[in-house]
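> Have a look at this fold, sequence not included:
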């Protein structure tokens, strides 16, 4: 996608706005709880928990909140039993959409997500209809002004990165990793005194659907209302947005 790293940075910026609304904390608590439930409460042996704890610290979540969320996940404290689900569908222009949710009431959530999709130019699809269009990967961004490409390649590839992308139109290098290797590779990059702008486990599209400005605006509205839902953790879509629209969204 033209501007893929720009889009990652915009989503990152929007997450900080959500943190001010208090929304991000509640979503991170759910994510910590389920990561601890599935992989145990020790972040050293649970890469998923380590990644979400890093996200919590970046959002300035108090350590007591993180600890309580882990204890709820491991069953040491009572808490709601959240389940993970992925809903699939299509947005304006035939864009493929993956919606990751954590919910304690699947029937309520799927009904609400279907309503939001149909009201905003999208429609729900069957399980598996678009998941094949995405790869789950670790994704790390490094500002090009902080290191030269050869140095970064030497460090990241030696640590086990799958690929490093250098789009001349972008301000960041993109490091692609296996999901379970992301924390190790991020640590290796930082140990080499190279600052990391963003590190996350994400779904990267295999191909992209170009949208004109009108369709891009509709798509962004759909993404916004989905991300605003309390049970939605992440929204992934394979659209290619015009630079003018990207600039408008990024303000």
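Received the coordinates, thanks. From a predicted model like this one, the values you see are computed outputs, not experimental measurements.

> could you pull out the strands for this protein?
83-90, 96-103, 123-124, 134-143, 163-165, 172-177, 198-205, 209-210, 232-237, 239-240 (DSSP state E).

> quick one: low-confidence parts of this protein?
Applying pLDDT under 70 to the chain flags residues 1-4, 6-7, 12-21, 249-251.

> The strands of the chain: which one's closest to residue 60?
Ranking the strands of the chain by proximity to residue 60 (CB to CB) places strand 198-205 first, at 16.5 Å. (C-beta placed from N, C-alpha, C; glycine too.)

> Give me the sheet partners of the closest one and which way each runs.
If you go by DSSP bridges, strand 198-205 pairs up with strand 134-143 (antiparallel).

> So the residue lying closest to residue 163 once chain neighbours are set aside versus residue 199, what's the distance?
The spatially closest residue to residue 163, leaving aside those adjacent along the chain, is residue 176, at 4.3 Å (CB to CB, 6 or more residues apart in numbering). Residue 176 sits 12 Å away from residue 199, going by CB to CB, to the nearest Å.

> Same question for residue 92.
In terms of CB to CB, residue 92 sits 30 Å off from residue 199.

> Comparing those two, which residue is more hemmed in?
When residue 92 and residue 199 are compared for neighbours, residue 199 comes out ahead with 24 against 21, by other CB atoms under 10 Å.

> JSON lines for the strands of the chain, including distance to residue 73?
Output for these, formatted as JSON lines (distance: least, CB to CB, whole Å):
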{"stretch": "strand 83-90", "distance to residue 73": "12"}
{"stretch": "strand 96-103", "distance to residue 73": "11"}
{"stretch": "strand 123-124", "distance to residue 73": "29"}
{"stretch": "strand 134-143", "distance to residue 73": "21"}
{"stretch": "strand 163-165", "distance to residue 73": "33"}
{"stretch": "strand 172-177", "distance to residue 73": "25"}
{"stretch": "strand 198-205", "distance to residue 73": "17"}
{"stretch": "strand 209-210", "distance to residue 73": "37"}
{"stretch": "strand 232-237", "distance to residue 73": "15"}
{"stretch": "strand 239-240", "distance to residue 73": "34"}
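
> can you tell which of these is closest to residue 55?
Closest approach to residue 55 among those (CB to CB): strand 198-205, 7.6 Å.

> who touches both of residue 176 and residue 199?
138-139 (CB atoms under 8 Å, 6 or more residues apart in numbering).

> got the residue ranges for the helices in the stretch 101-250 of the chain?
With DSSP state H, counting those that start in this stretch as the criterion, the stretch 101-250 of the chain has helices at 106-119, 149-159, 182-191, 213-227, 243-249.

> Among those, which comes closest to residue 235?
helix 213-227 (4.9 Å).
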